[in-house]
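**Student:** 3D, please:
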Amino acid sequence: MNIQSVAFAGTSKRFRQGQILKLVRDEAIASQDELRRKLAHRNLRVTQATLSRDIHELQLVKTETGYKPLAAAAADAVEVPALPSLSSVLREFLSDVRPAQNLLVLKTPPGGAQPLAAAIDREKWSEIAGSIAGDDTILLILPSTRACKTVQKRIEDLLK
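**Tutor:** Numbering: from 1, shown residues only. Got it, this is the predicted structure:
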């Protein structure tokens, strides 16, 4: 096996494990076979042995509602105080919204970007492909200008 094969194998494993984490975070997966089928729908074919190894390495545990990362399962067992609503966090931190094609730039006072980005991420809006937060700026990445306008309107409506 040459070095390129080793590098590709590592990248493939990381990607596969990332997809596994995404699946168990986004929906209830009750069994390894169900997880294997969902991976196959994403064109990731894995053996039961590989999947078992991935589950072990990712420290996934089976709960009443399906597989979860060990830390998330432990957090579910502990009562967590309610987090503030997105609208209240927007009112507290958002100072400006600037569209830029398929991107939204959100401005906050210094130190306000992280809590606002976390609140937006918790909403899991399907239009948002990703977010990056600095100290006073958040970049929301959207797949299209239409999605950008939709999210901007949603944010503005929450400020009313």
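**Student:** was I right to think residue 107 contacts residue 133?
**Tutor:** No. Taking CB atoms under 8 Å as the definition, residue 107 is not a contact partner of residue 133, at 11.6 Å. Backbone N, C-alpha and C define where each C-beta goes, glycine included.
**Student:** so for the two, which sits in the more crowded spot?
**Tutor:** Neighbour count, other CB atoms under 10 Å: between residue 107 and residue 133, residue 133 has more, with 20 against 16.
**Student:** for that one, give the beta-bridge partners.
**Tutor:** Under the criterion DSSP bridges, residue 133 forms beta bridges with residue 138.
**Student:** from residue 93, how far out is it?
**Tutor:** Separation of residue 133 from residue 93 (CB to CB, to the nearest Å) stands at 11 Å.
**Student:** overlap in contacts, these two.
**Tutor:** Here residue 133 and residue 93 share the contacting residues 113, 116, scored by CB atoms under 8 Å, 6 or more residues apart in numbering.
**Student:** what about the strands in the protein?
**Tutor:** Using DSSP state E, the strands of the chain run over residues 60-63, 66-69, 96-100, 103-107, 130-133, 137-141.
**Student:** same list (those) but as JSON lines, adding mean pLDDT and distance to residue 160.
**Tutor:** Formatted as JSON lines, the strands of the chain follow (pLDDT from 0 to 100; distance: least, CB to CB, whole Å):
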{"stretch": "strand 60-63", "mean pLDDT": "84", "distance to residue 160": "38"}
{"stretch": "strand 66-69", "mean pLDDT": "83", "distance to residue 160": "36"}
{"stretch": "strand 96-100", "mean pLDDT": "95", "distance to residue 160": "14"}
{"stretch": "strand 103-107", "mean pLDDT": "97", "distance to residue 160": "17"}
{"stretch": "strand 130-133", "mean pLDDT": "94", "distance to residue 160": "23"}
{"stretch": "strand 137-141", "mean pLDDT": "97", "distance to residue 160": "20"}
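**Student:** closest one to residue 155 among these?
**Tutor:** Among the strands of the chain, strand 96-100 comes nearest to residue 155, with 6.1 Å by CB to CB.
**Student:** send me the closest one as CSV with only the CA atoms.
**Tutor:** Extracted in CSV, the C-alpha atoms of strand 96-100 (Å, rounded to 0.1, in the frame of the first residue of the first chain):
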residue,chain,number,x,y,z
ASP,A,96,-26.6,44.4,11.7
VAL,A,97,-27.4,41.9,8.9
ARG,A,98,-25.6,42.2,5.6
PRO,A,99,-26.4,39.9,2.6
ALA,A,100,-23.7,39.0,0.2
